[in-house]
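> structure of the sequence below:
(2 chains)
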There are 2 protein chains.
Amino acid sequence: MSRYLTLIPYLAAQKILKTSARPEIKVKTVQVTNSPGHVSHEPVFSRLTIPVCAISQRDGYAVTASDSYAATEAEPVEITTFSKVHTGSPVPEGYDAVIMHEDVRLDDPGRIMIIRPARPGQNIQKAGSEVKTGSMVIPAGHLISPADVGAMIGYGITSVQVKNIVAGFIPTGYELKEPCTAPGPGEVIASNCEMLAAFLDQAGVESVIYPIVPDDPVQLRNAVELAVRECSFVIISGGSSTGNRDHTESVLSEMGTVLYHGVAMRPGKSTLAAVVDDIPVFGLPGTPAGALAVLRELVIPWLSDTGWPVPVQHTIQVTLADSVPSELGTDDFILLSVGNVHGGYKAMMLPRGGGQMSAVRSDAVLHIGRGSEGMKMGKECLVRLTRTYPHPDNTYLFNGLYDPILDVLDQFLRKKQQRFFCRTASHEATLLSVRHKNTHGGVTIRRGNGGHGRMQQDYSLLEGRAYAITIAEREYILAAKTTPEPGPGKKFTCPGLSDNSQLQQMMDYYLQKTGVNPADIRVIDGYNTEQEIIQGLLEDKIDFGPCSASLAFDYDLQGPVIGCDSIDLVIREEDMESEQVKNLVQLLESDEWRGEAWVIPGYNLERSGHVFLLST
Amino acid sequence: MSRYLTLIPYLAAQKILKTSARPEIKVKTVQVTNSPGHVSHEPVFSRLTIPVCAISQRDGYAVTASDSYAATEAEPVEITTFSKVHTGSPVPEGYDAVIMHEDVRLDDPGRIMIIRPARPGQNIQKAGSEVKTGSMVIPAGHLISPADVGAMIGYGITSVQVKNIVAGFIPTGYELKEPCTAPGPGEVIASNCEMLAAFLDQAGVESVIYPIVPDDPVQLRNAVELAVRECSFVIISGGSSTGNRDHTESVLSEMGTVLYHGVAMRPGKSTLAAVVDDIPVFGLPGTPAGALAVLRELVIPWLSDTGWPVPVQHTIQVTLADSVPSELGTDDFILLSVGNVHGGYKAMMLPRGGGQMSAVRSDAVLHIGRGSEGMKMGKECLVRLTRTYPHPDNTYLFNGLYDPILDVLDQFLRKKQQRFFCRTASHEATLLSVRHKNTHGGVTIRRGNGGHGRMQQDYSLLEGRAYAITIAEREYILAAKTTPEPGPGKKFTCPGLSDNSQLQQMMDYYLQKTGVNPADIRVIDGYNTEQEIIQGLLEDKIDFGPCSASLAFDYDLQGPVIGCDSIDLVIREEDMESEQVKNLVQLLESDEWRGEAWVIPGYNLERSGHVFLLST
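Alright, predicted model coming up:
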């Protein structure tokens, strides 16, 4: 086995799969009511003639048309041979027309007066006019729709044979633990196969997940042998690279033919495909991002190429909010968040890498071909939407510092079928993105120095007038296990931080305001972070210390509020009158928002929705 | 109860529903693996910190960075305190960097030589860098995606509370029979609720179908009482008009508030909505087309208005192949078949009416607003696709006479992810549609008069050069129970048809060709249709008679072939070189097509794919 992958171009891998691998199509019988989304295996023929006999299309009277030919308004004709019928009821033998009850004068029981001649066949649906026994309802190879369910049941069909593709998943890796277990250091709960199976389910593919196989060639071989017997195609999750513990390639090359090992795509380059006993076997990277990219960009398109009805994805034209670098010679697949920013769709890049949260947060995928070195910010391009709810039209797109209150804001907007997405970025990157107008705005935190006083902060990167709108204030307290009781001669121990630190400034401001005698306080060094202060309090090494309220409450610490940060939206002046921004400001001012957010301890919502000009 | 409906505009009905009716949202717990497509009821927080501890991002060696600072290519540094690590394995306590194995020279076991200093943190993923215990993974009100499944399982979550809407269906009508029964005259198998439930399933709504209720107000009231207790909203199928057997309106106005009864839409005008015990109740027409229109155009948009994530439908710009009349004051919803005809999407109207086959055959819906009297042929308009497989790009659109071989052709093309759709039309209408270039072409039948001879047929409506391409020939035989054996003095009885009839001409041609003495044949009148001839043969009233082979075989009748019809595609000369037409002609010439169609008795495939100029 080679120590390095031999990468083939992404399009070459697609082509190889198209020509050399086909899933084994299986057949199963399903109830008609469960058949939508399945593909018929055989044509379905009507078992009934519908309607069974001639039926009336109106409430009225079945008559013999020739009895009525003389009728006029002036000289109505009396008819005594007739039969009362309802919409949908059979027309009795011998009658050939139906007269609507509106067009009849019923004088006595047993006779009707009509004022207009009836045409033979009038208001009658002939037997078999909708469908005849043996007529084809749907052909083989037809993707069954809900409308087909109505027709099949109505035509006497109760079950139908459908095509079935079964994907067999083999999770591999010494580090994997079954779901519902607690992973130890270096362990990971196996979740890739479940995720990939959920994607395949959306494409109408059934999945079987086999037990986890450790990195052992013999056990892997046994697992593959079983899976190729039982499944339409097989996916081995993990072990697809060239490391010491990667056995997929060597096992598959012994068992069958390896089609490729290594594809010039990112993520997902360490992937392989093989054919064993005519069954395609894919090796997928162990990272969730790599596995997902290979499934989405190689396996599912391959299924579509073989004729399987994979759902069509919506595409959308966006303007890139970031420059997206890409390596020449590599096909790059970038996850994006997309929002409608004042009338145009903007897309921001989500962090690459193996974690799962980028995929959870993404709305779309951008494909950059191997001939490109990437795309510049402001470039317009077509991207595939991976979700349409909430629609990008209803998504607020921000960059900025993270605080849990942003999750609460998102949560709040979801109730209104809207969404708040803030990509984590530094203060400087946030201001730049606001300046570039690629987002609705930014999220910044104006640090407090005591009470509602603020530390000096630099907004000059905005290069234009902008406003800050308060989402909420994050409170700091002088935390303690129990409230320190002053007494004669009593001294308190507190941490000493750097003079200019925010925590020190807030503590000094409070102690000064409340008139504590500095002589009563003993300062201990070595406490510079909130986490260290909490630790010192819990171990009784200090009596009190400044700390964010939400963190303190997590450890059952209490104390008076000594200051707060203001977590703000930063919006360009020119956008303040846009409908989207006005809507957001209105929501932040509302009691509804305060009602939503007050349950989160450690935040003050009095100033939510306050707007003020930033000095830049 | 009024005898007539009071119609309100379609948009008014939408507005009333939006402001006055909400489904009762229920909650259920599902396994994470079954959660995609559901909407989270509560925010989901990570139960784990991922990674659990610092882990290596490479195969290599964990070292203490400061041990390596002096390393250069010229003077490698030997390190003896290190630990071998794999991608994903924990970095043991005390080490702060990982060096890739490629960058290390392993001299002896127990020591490594390195040639470049390591940076602290290099190739190490910090504990909690992906997610921390208690971090929000998804908010409440989030439509769960397959990617979310991976994250939730990986973060220790196994089940999730989701929102649930349950629709309760009450089928009503004396004419309804349960599925799996044989309907008698005037009876119908109840299938509307199953069809509508299948549509709601695609919108993530669960359904309960209650037993059929006859047209009886007391039983209907009892059924509604139960359904509003159990369901989020209720649909009464049938009984929504103003006839004698329509009780929905009177029952619902007693039980609650009727919001409207009658909407100016087609189909579907006899529909109503009410609220009973805060639960919305809809009355839908009994015709499948009307029921489907109300569900698709009122109920599902209403669910979307209340915030339920209904899938977004694809729209497509089409040119109408027909003029579509519409009544002023009525919103019209027209089912269409859509195909890509030489580069542009064309849409043809499917028959309106209560049957199910139009919905089965439809690809799209056109909405004509109440202010329009309809749309002219050639008009460009936006329509909603109701299916995307096979895609309109792969659909052949024809008008013409129906023959079962067209079903076989469709079936054949489905194997190639293509589709052949021929809307039934008269010979004249077919030629006009070919002339108007709104379809790929037409299907006509050149009638045989014996052997391969053809009756004179008029193609002058084409007004341009066009070609006929044979799909297959439909054979006629001189049918008999057993082959009539001529003998001395023996006379045969055969039907007499009109002199110019196709059947008579074919029979005469054959008898003449085989030299039968006219004196040996006795002609009996009263047999003018194939069905009558079959009947005569079965009852031994005639010895032989002309009949299409496929029909004769159905009754176990045999005989020599006496002629055939040619079932042809008619294609404009200018389109003969288009890729789509060339592809179709190639397929009809192929042995593959003969192999597909030969199993259908009564057709001759020798001339399939033959092309010849029509004289016009």
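
> worst-scoring helix or strand of chain A, pLDDT-wise?
strand A:104-106 (a mean of 78; mean pLDDT, DSSP states H and E).

> okay, now the sheet partners of that strand, with direction.
strand A:112-114 (antiparallel) (DSSP bridges).

> buried stuff in the strand it pairs with?
A:112, A:114 (16 or more other C-beta atoms under 10 Å in any protein chain shown). To be clear about C-beta, it is placed using only N, CA and C from the backbone, and glycine gets the same treatment.

> next structured bit after that strand?
Next in sequence after strand A:112-114, counting helices and strands by DSSP states H and E, comes strand A:124-125.

> contacts for the least confident helix or strand of chain A, please.
With contact meaning C-beta atoms under 8 Å, 6 or more residues apart in numbering or on different chains, strand A:104-106 is reached by A:60-61, A:76, A:112-115.

> 10 Å - rerun?
Applying C-beta atoms under 10 Å, 6 or more residues apart in numbering or on different chains, the external contacts of strand A:104-106 come out as A:60-61, A:63, A:76, A:78-79, A:82, A:84, A:111-116.

> of all residues in chain A, which one is nearest the centre?
The structure's chain A has its C-alpha centroid closest to residue A:387; by C-alpha atoms, centre = their mean the separation is 5.0 Å.

> what stretches of the stretch 401-550 of chain A score poorly on pLDDT?
A:486 (pLDDT under 70).

> in it, which residue sits nearest chain B?
Residue nearest to chain B within the stretch 401-550 of chain A: residue A:414 (3.4 Å; C-beta to the nearest C-beta).

> OK, contacts around that residue?
Taking C-beta under 10 Å, 6+ apart, one finds A:390, A:394, A:420, B:39-40, B:43, B:138-143, B:307 in contact with residue A:414.

> dump the residues you listed to JSON lines, plus secondary structure.
Shown next, in JSON lines, are the contacts of residue A:414 (DSSP: H, G, I helix; E, B strand; the rest coil):
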{"residue": "A:390", "secondary structure": "coil"}
{"residue": "A:394", "secondary structure": "helix"}
{"residue": "A:420", "secondary structure": "strand"}
{"residue": "B:39", "secondary structure": "strand"}
{"residue": "B:40", "secondary structure": "strand"}
{"residue": "B:43", "secondary structure": "coil"}
{"residue": "B:138", "secondary structure": "strand"}
{"residue": "B:139", "secondary structure": "coil"}
{"residue": "B:140", "secondary structure": "coil"}
{"residue": "B:141", "secondary structure": "coil"}
{"residue": "B:142", "secondary structure": "coil"}
{"residue": "B:143", "secondary structure": "strand"}
{"residue": "B:307", "secondary structure": "coil"}
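
> quick one: the strands in the stretch 201-350 of chain A?
A:206-209, A:233-237, A:257-261, A:263-266, A:272-276, A:279-284, A:315-320, A:324-325, A:331-341, A:344-349 (DSSP state E, counting those that start in this stretch).

> what two of the contacts of residue A:414 are the furthest from one another?
Put simply, by C-beta to C-beta the two of the contacts of residue A:414 set farthest apart are A:394 and B:43, 18.8 Å from each other.

> leaving aside the residues next to it on the chain, what's closest to residue A:496?
Leaving aside its chain neighbours, residue A:496 sits nearest to residue A:523 (4.0 Å; criterion: C-beta to C-beta, 6 or more residues apart in numbering or on different chains).

> equivalent analysis for residue A:401, please.
Per C-beta to C-beta, 6+ apart, closest to residue A:401 is residue A:445, 5.2 Å.

> host element of the one you found?
Per DSSP H and E: strand A:441-446 holds residue A:445.

> strand partners of that strand, parallel vs antiparallel please.
Counting by DSSP bridges, strand A:441-446 is paired with strand A:395-400 (parallel), strand A:561-572 (antiparallel).

> hang on, the earlier thing: hmm, which of the contacts of strand A:104-106 are the buried ones?
Among the contacts of strand A:104-106, those classed as buried by 16+ other C-beta under 10 Å are A:60-61, A:63, A:76, A:79, A:82, A:112, A:114-115.

> since that was my last question, I'll sign off now.
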